[in-house]
Structure formats: structure tokens, C-alpha cells
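S.K.: this is the structure alone, sequence omitted:
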């Protein structure tokens, strides 16, 4: 289907709640970024408000439905597709659905990922492989899905979500720093190859904890302004998208005023 | 005078036309950034459009008058003050005038500077001192002028103009890299001291040549989008200014889509 | 076997011949770093000359035998083990052999890796996975093999080989930058976790082409000093190893005097 | 006087005892780096032990005499010259004396500097100017003194002493970060201009407190290995000096194993 509508795809619906400063040893949980409420939802709503039909990809449809409902209440279009960013085939199929039902994406926001916080001896090779699949390989595949039509249309925006750990490998954070360093490398490589071809690639370093409802609730005495506001982050992604091609940003950081850095 | 008006100060009215990539040996001219048309003018107009009365400081009143006229045509206030950013006394007096006539600045944009492009053996110590005075010492003094009232008012924004040379000391560019590295250090130190006190400090790395009228004219065959657009840069400064304090940027880069980096 | 001998392990025997500056589109070969002559051989010989029995791991025994012969001619011990750094089981077995026959390694040099130079659309997900396995997952597994005995013995050195692409994602180099950024993150995370436990972790950024015999031969008119000298690189690794724990380096760059950077 | 002897010049004899991590507000002292015992002395002794006649420049002759005596006890030559690194004329004269009495320097170690630890509002413009004169302008002048003869002789080494604050502007540390960022820019600019002309320029980031006698004495319960060892630092400078030109380092960090970074 040839598209005259403006299409944006957001992958990963959950708040990015983790960062290297919070690394705790012994926390051997595998943490999936980008499935549910939070930054993903704010991003979807911001691009919908900007006139885009949004394709939403996440691991669980149930996480996507409230966002879809909210977007449709405002008269905009949201298409939800269940997929696992760490599974190439699943991701390919999701983009096929989006292209068929909505059209060619003009914007890709890659907000998916996974991590495990633990010391080096507890980081299992197969877990790191799975984390790299969700974060870096998924980012590569998603980019490959959208770049050909962006090239053909002579424009497009790809935005990657980074973290404190994109710049610094802390103790206990190899499971976040390795994929996030890798994603930053991917972002730079695509930017340098496709920038001159009118495709804007930017990397947003989120340095702090986002105001995800559950996390805010769990810390009732904490100043709300010490959390990054997910709507304000989404506004930054939008501003990056609308920059004219004479004046593009490749990297930007975001943090609360009170954050140590 | 206690102020209820919103006041912004822009120092340096000239286009930042230089960058390390353009370093040419033998070019022994002393180059003053921030006096005249270009980025300074765009910044002044953007903050005026945002409802601010703007104080404009530059070395030559004649460079400021066209900007003032344009701002006043739109029904906003511009106050021009002649001062030399490399001269502490001159800078102090300029701020006294602005405080008396307009009130306490809520925003400071430090866009002044000077440079000399030459090899190391041709960089005179006294010229480097003068360059450092315009760029770093001037940035310190201007910050000291505005910080106390910002602290008292519980808010404020200070924005510094960086360059490619803020991150990289190239051959022939010591005269730009030394002051620009220093200005970046100043920016970070103020950000870390005053961020938690609600004062937002950001550093904008401008990586390319700005669309200053004279430079565009001199390169008639060059694609206009290969120059940074000064109004688009000014929009970025404005967006930094209006970020909520939960979600602040400390550093951002800007370059044309076709720029090598 | 409890060891009183000094044991060093070098993984990857081939010259690191690639770097981001050489990225050429259309070169769709899969390139294995660290199997054969070059930096790996120089590293093995330098640590042998320093009194270490060296365990050498590479993909092909035939690549290891000339190095082993040379080391033994000087009356030192070299143990060669065939293994594929991208295969966890193979790597575990290699370390079992080394521990049984030589003892617990005091030094690990991780010099293995793979890459593919191509544009983003030609970088296959499964190739990037394989590259990440050789470079990052292999580096993790090898570190996990040596850290427990290093901890027990209260000392140890782990040295990682980086590249220009460890710091910069260039066009056409995602296949090198992604794993090398990731390896740098791994290096930092281990350094920050294990430095205070007396294990020295350093990352060497090799920014240029190494004087690998075949490459020197193919460019007969090129000044030999425009190649990095593999013995001089190995000397740097050795100097890092012998730094006292009061005065450790985490990162160092190396390049020819004539290299652009 | 044409020189066949090997000459090294070390500027700044005092231990670099300060670093950004120690920044304390209210400490309004002006701190002179590089005059007396500590790193400067270790550097002088290491280059003397390597066969160099050393010219020592510091603000007080009395600080230099013990070093000179120690060097002469080992049968080597040390020439002490009193000069203020922040005073161009004084520095020019010192180099004239060294050239006349010893010959053309093959090595320059720039270890001088000054700082003031205080918040931004307490950092006086004239103090920052003086600090910049000692650190950056002094580094420029000293380089200009040695580069012409290095060029003529086709070789030379210039080594600059950096700090944690060379990479990071912390709160309360603008007075160190501004000059140290600037010195790093100078180092890079000279390296990129003169590297291809066979002059090796390197920047050493010292990240921690050096084992200066007074400081060690004042903290009797502190593990000696938590201080950087000045002799070990000097050994690193020496190793940088003897790198072959195919394999040069531009930047290296040094810190104690237990240092947070």
C-alpha cells in the first residue's frame, strides 16, 4: 500500500526505569525495557498528537491497549502489534503488518531493550546474547525495515533511546552498558551513512529514573521532579524529529535538575 | 528595580562562522565571534518572540541596531549595550545598564568569543590571552552577573555556544579549541553547581558553518542546507530554555545533514 | 593443579588489520580477527620473554605453531589450544586444558574478534550475532574463566584490544563499531568492579593498521612507520601489566605518528 | 651552542596534589602546582636516570635544590632555573639559560599549573586569568620554545600533565577544569600539527592524589597504594617518551586501583 499518511512506529512501550546508577549486585532479574506504560506510551501519544498514525510494537498486546485507546479518543490512529524485539522473525512480521495496514513509516523510535544487573561472574553468556538481541540486533533489524522506504521517500527519522550506561560501564552494569554502548555505535553508524541521504538519526541519553507510575508510587516521599517526566522526554524526541535538515542533532542528554552526573 | 518582566540577555551578535574543520594555516587574522548579524540576531529575535525583553550586548552598537529595529517592529523590547566581552569592567557596566533599564535577566545566552587560526608557532601568547578573555573569562563574568538574581528568583537559564573545536583540538585550531574547551568546562562546572538550585545550564555544540549572509553570498553554488540555519539554532536554544526541570539537557550537538563528523 | 608458575593466556593470534578508517562499502567479507601471525604472536612472545608460560588460543592450530616454535627456541613454554572464541563450549574447554596443563592464568589478553564491513542494509542480523559472540561474549566468557583464580590469588591483569571503532561509529563500520563499543563497555565494567580487588583491566585503542607481513607486502611503497609495529604494541601491553597497583591505566591509545585522527 | 647531549626540561617541581574529586567549597586558596617535591622531582630523576641532562624550572630555587643534589649524586647533570610559568618573559629567559648552558631540549615535560577551588561566584576573573597563564599560556610558550629545535633535529617529545578535571567540570572545580580542559586542547592541537613531523605529544590524565610526603603524612591511616606513586607516574612518562614513532600514545589515564571513577 502506497502511503500518503504520516506513519510513525514506536517499539517498546514500557518506561525505561533502569540506569547504571541504580546497579545493585545480587539483583539477578532479567529486565525487559520497553513493554507497557511510561516512555513508550508518551512517545506514541506525542507522535499521534503531531498528526502521525502510530504503529506500536511491544511484547504484550495488553500493554499496548490502554495507549491505543487513549490515542483513538483523540481521533488518531494507533495500530498495535505484538512482537518480541529479540526475535528477528517476529519483528519482520510486525513491520509487515504495519506497512500493510498503515503504510511506510516516516519515523522509527527504537525504545526496546533488556538488561540484567549483576556482577560479571553472574552475567550468563546466553542472557547477554538475549539482551543484545533485544537491544542491538533488534535496533538493526528495525532500522533495516524502515530505511529502504525512507530512502525512496527522501526523508525519515530514526530515534534511539540511550541511558547513562551508553557512556559509562559501571560495576554491576555490564548487562546494560554492553548493549547500550552497542546501540550508540549503531546509531552513529547509521547517522553517518544516512544523514547525507536525508535520514535523521539521533540518540537520546536518558540519565535518571523516569516517572513511571509504579516507581513513583513506591517512593512516595521523593520529589516528582527528581524523576524524568516521560511526556517531557517525548517532547524532546518530537523536537528532534522536526529539526530542519540544515540543523540536526545526533546526540542529546536528558536528566533531572537534581541528578548527579 | 524589582522586575516582573521576563528578561533575556544575549551577548555576541555575530554569526559563529568558524569551526575547526575550516582551519587554514597562514590565516593570521584575529576573528571576533559574536558581533553583528547571524546567530546572535536570531537568538535575540527568538527570545523576543517568546515574550522576553532582550538585552543585547556587542562590541559595536551599529551591529545591534538592525536587530533592535526588527524586534521593536514586532512590538517587543530590545535594549542594546556596547561592551567588549574581553574587558571585565565593560561587561560589568553593560549588565548594570540592563538591570537598571530592564530588570534581572532570567536567561543568559553567551555567544561571544574570539579566535585566531594559525599554527602553534604563530599563536602569540598575548593573543591567546585576549581570546581567553573574550570567550572564557567573559563567560565567567557574565554568569556571575546573572546567577545571584537567578538564585534569588529560583530559576534561570544560561546557554553557551560551543563549536566542533569544543571537543577536538585540531592542527591549526589551538586558538579556537583552547577557549572552547575552557568554555565547555565552565558550562559543566556551573551546571553541576547550580542545576540542583534550579538554574539550567546547557552547552550547544555547533558543528558546521552558519548561514551568515556574507558567507552564503561568497559560496553561491553551495546548497543552503549545508549551512546551519541560524533561526533553527535559535529554536534549539529556545527549546532548551523551556525544558521542565525534571528533564534538562546539558549538551546537544547541531550540524547540517551533509556535514562530515 | 596449583600453580607457582606465571601463566599468561593470549586469545587471538592474528594481526588486527582492520579499522574504521578503512571501511569500504561492498566489502561483504566476514573478517576474523585474532587468528594467526601479527599482534597475537607479538603479545605471546612478549609475555614469554617476561617469564610467563603462555597459553595460546586460536581458531586454527596451524596459525599457532610457528609462534610456539619461536617461543620454545628461547627456552620458554607455549601451549596451543584450538578454540573458536564465538563458541562458549569451545572456549570453556580451552581454558580447562590451559588450567590443567599450565595452571591458573595471571594474565588474560583478549585479542579475538570478527567483523564485517558493509553498509547497514547489508549487515545481516545473524552475522552481527556471530561477530558479537566472537568479540563481546567471548571476552565475557574468557574473563569469567580467569577472574575466580585471580581473585583467589589477589592479583591479575586483563587486557582488551580496542580499535578506532571503539570510540566512533563510522559509515560502513557498524559491524566493527558495535562489537568494539560493547567490548569497551565490558572492559570498563570489569575494571570498576575488580580494580579495587587488585585485578587490573585495561583497554588499548589501536588506531591504525598493524605491520602484518601480508599487508606490508601488499603496499611496498608505504613507509613502514605508517603501520603500527606489533612488537611495540605488545611492549605497551607488557608495560600496562607491570604497572604497580597505585598507578594503573584503564585506557590508552596507540597510532602511527603520521596517522590522521 | 650546538648540542650532542640529550636534554630534557621539566617545568614544575611540585606534586600535583589536587584533583576535582577533592573540590571543597570555601577553600579559597590559590594553589600552585608544580613547584617543589613530588611528581616534578620524580620526573626529573627518571629522565636523568635515562641519560638526559635535565633543566628544571620552578618558581623557587629552594624547591629545586634537593632534586638537583640527588641527580648529581648519581653523576648526572641538573640545571635549575627559577621562573614563573605565568610570566612569559620569565619563561623565555629560563629557556635561554637552559639552551645556553645545556643545549636544545629533546624532551619537554609541562607539569606546571595553578588552581583555585571555589564556587563560581567566588572565582575571581583575575585569578582565573592568572591560573590560565600558569597552565595554558605557560604550556604554549614552553612548547614554542622547544618546537623549533625539535623540528630542526627531526625529533622531540612534549608531555603534558592532566587531571581528572581535564575531562569533567565538577561543581567547585571550574578553577581547575577550565585550565586543564584548555591544556588538553593545546596538547591535541600540537599533537595533530607536529605528530607527522616526528614530534610526539602526549597528555597524561592523573586521576587521584599523588603520594606527596606532606599529604601522606597528614593521612597516616590511609593505604599508601590509594595514592598514585610519583615514581610510577614518572615511569609512564618515560615509557611514552621511548615509544617508537610507529606506535605513539596521545592520551593515557593513571589512577590507584581503589580510586572511584
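M.R.: Perfect, I can see it now. Keep in mind the model is a prediction, meaning the values are calculated, not measured.

S.K.: residue A:109: what secondary structure?
M.R.: strand (DSSP: H, G, I helix; E, B strand; the rest coil).

S.K.: is it true that it touches residue A:7?
M.R.: No - between residue A:109 and residue A:7 there is no contact under Cβ atoms under 8 Å: 12.0 Å. Quick note: C-beta positions are derived from backbone N, CA and C, even for glycine.

S.K.: what ranges do the strands span in the stretch 101-250 of chain A?
M.R.: A:107-110, A:113-116, A:156-163, A:199-206 (DSSP state E, counting those that start in this stretch).

S.K.: what strands flank the second one, and is each parallel or antiparallel?
M.R.: Here the strand partners of strand A:113-116, with direction, are listed using DSSP bridges: strand A:30-33 (antiparallel).

S.K.: pull out the buried residues from the helix or strand that the partner strand is followed by.
M.R.: Once strand A:30-33 ends, the next helix or strand along the chain (criterion: DSSP states H and E) is helix A:39-49. Under the neighbour-count criterion of 16 or more other Cβ atoms under 10 Å in any protein chain shown, helix A:39-49 has A:39-48 buried.

S.K.: and what of stretch A:141-157?
M.R.: Buried residues in stretch A:141-157 (16+ other Cβ under 10 Å): A:141-147, A:149-150, A:156-157.

S.K.: quick one: pLDDT of residue A:213?
M.R.: pLDDT for residue A:213: 86.

S.K.: neighbours around it, how many?
M.R.: Residues within reach of residue A:213, counting by other Cβ atoms under 10 Å in any protein chain shown, total 12.

S.K.: and what of residue A:83?
M.R.: 22.

S.K.: do residue A:200 as well
M.R.: Using other Cβ under 10 Å: residue A:200 sits among 24 other residues.

S.K.: run through the residues that contact it.
M.R.: The contact partners of residue A:200, by Cβ atoms under 8 Å, 6 or more residues apart in numbering or on different chains, come to A:156-158, A:191, A:240-241, A:243, A:245, A:248, B:257.

S.K.: and if you look at residue A:242?
M.R.: Residue A:242 touches residue A:50, counting by Cβ under 8 Å, 6+ apart.

S.K.: would you mind measuring from it to residue B:223?
M.R.: 20 Å (Cβ to Cβ, to the nearest Å).

S.K.: thinking again about what came up before, okay if I get the contacts of residue A:200 as CSV plus pLDDT?
M.R.: Shown next, in CSV, are these (pLDDT from 0 to 100):
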residue, pLDDT
A:156, 96
A:157, 96
A:158, 96
A:191, 98
A:240, 98
A:241, 97
A:243, 98
A:245, 98
A:248, 98
B:257, 98
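
S.K.: just those residues now: which is nearest residue C:166?
M.R.: Within the contacts of residue A:200, the smallest distance to residue C:166 is 17.4 Å, found for residue A:191 (Cβ to Cβ).

S.K.: that closest one: neighbouring residues, count only.
M.R.: 25.

S.K.: just to revisit the earlier point, filter the contacts of residue A:200 down to the ones in helices?
M.R.: A:191, A:240-241 (DSSP state H).

S.K.: what about chain A, any weak spots by pLDDT?
M.R.: A:1-4, A:13-37 (pLDDT under 70).

S.K.: do a quick rundown of the helices in chain A.
M.R.: Going by DSSP H, chain A shows helices at A:39-49, A:61-73, A:88-101, A:125-132, A:138-153, A:174-194, A:213-218, A:230-242.

S.K.: just say which of the ones you listed is most tucked in.
M.R.: Comparing the helices of chain A by mean neighbour count (mean count of other Cβ atoms under 10 Å in any protein chain shown), helix A:174-194 ranks first with a mean of 29.

S.K.: distance of residue A:192 from chain D?
M.R.: 21 Å (Cβ to the nearest Cβ, to the nearest Å).

S.K.: I figured residue A:71 was touching residue A:65, is that so?
M.R.: No - here residue A:71 lies out of contact with residue A:65, judged by Cβ under 8 Å, at a distance of 10.7 Å.

S.K.: please name the nearest non-neighbouring residue to the residue nearest to the spatial centre of chain A.
M.R.: Nearest to the mean C-alpha position of chain A, by Cα atoms, centre = their mean, lies residue A:111 at 1.1 Å. Distance criterion Cβ to Cβ, 6 or more residues apart in numbering or on different chains; nearest residue to residue A:111, sequence neighbours excluded, is residue A:12 at 3.6 Å.

S.K.: thought the one you found was touching residue A:83?
M.R.: No - assessed by Cβ under 8 Å, residue A:12 is found out of contact with residue A:83, at 10.4 Å.

S.K.: what touches both of these two?
M.R.: Common neighbours of residue A:12 and residue A:83 (Cβ under 8 Å, 6+ apart) are A:57-58.

S.K.: and stretch A:80-93, how far apart are its ends?
M.R.: Start-to-end span of stretch A:80-93 (Cα to Cα, to the nearest Å) is 13 Å.

S.K.: to clarify, my last question referred to stretch A:201-211.
M.R.: With Cα to Cα, one end of stretch A:201-211 sits 26 Å from the other.

S.K.: hmm, it touching chain B?
M.R.: Yes - using Cβ under 8 Å from any Cβ of the partner chain, we find that stretch A:201-211 touches chain B at residue A:211.

S.K.: that stretch near chain C anywhere?
M.R.: No - residues of stretch A:201-211 are not located near chain C by Cβ under 8 Å from any Cβ, the shortest gap being 9.8 Å.

S.K.: ok, that stretch near chain D or not?
M.R.: No - Stretch A:201-211 does not reach chain D (Cβ under 8 Å from any Cβ); its nearest approach is 14.1 Å.

S.K.: and that stretch, how far from the chain's centre?
M.R.: Stretch A:201-211 sits 9 Å away from the centroid of its parent chain (Cα atoms, centre = their mean, to the nearest Å).

S.K.: over to stretch A:40-50?
M.R.: 12 Å.

S.K.: residues touching the closest residue to residue A:6 other than its chain neighbours, list them.
M.R.: Distance criterion Cβ to Cβ, 6+ apart; nearest residue to residue A:6, sequence neighbours excluded, is residue A:52 at 4.7 Å. By Cβ under 8 Å, 6+ apart, the contact list for residue A:52 reads A:6-8, A:76, A:106-107.

S.K.: same thing with residue A:68?
M.R.: A:56, A:78-80.

S.K.: tell me the one of the ones in helices among the contacts of residue A:200 nearest residue B:120?
M.R.: The closest of the ones in helices among the contacts of residue A:200, once distances to residue B:120 are taken by Cβ to Cβ, is residue A:191, at 32.6 Å.

S.K.: please tell me how far the closest one sits from chain B.
M.R.: In terms of Cβ to the nearest Cβ, residue A:191 sits 9 Å off from chain B.

S.K.: okay then, goodbye and thanks.
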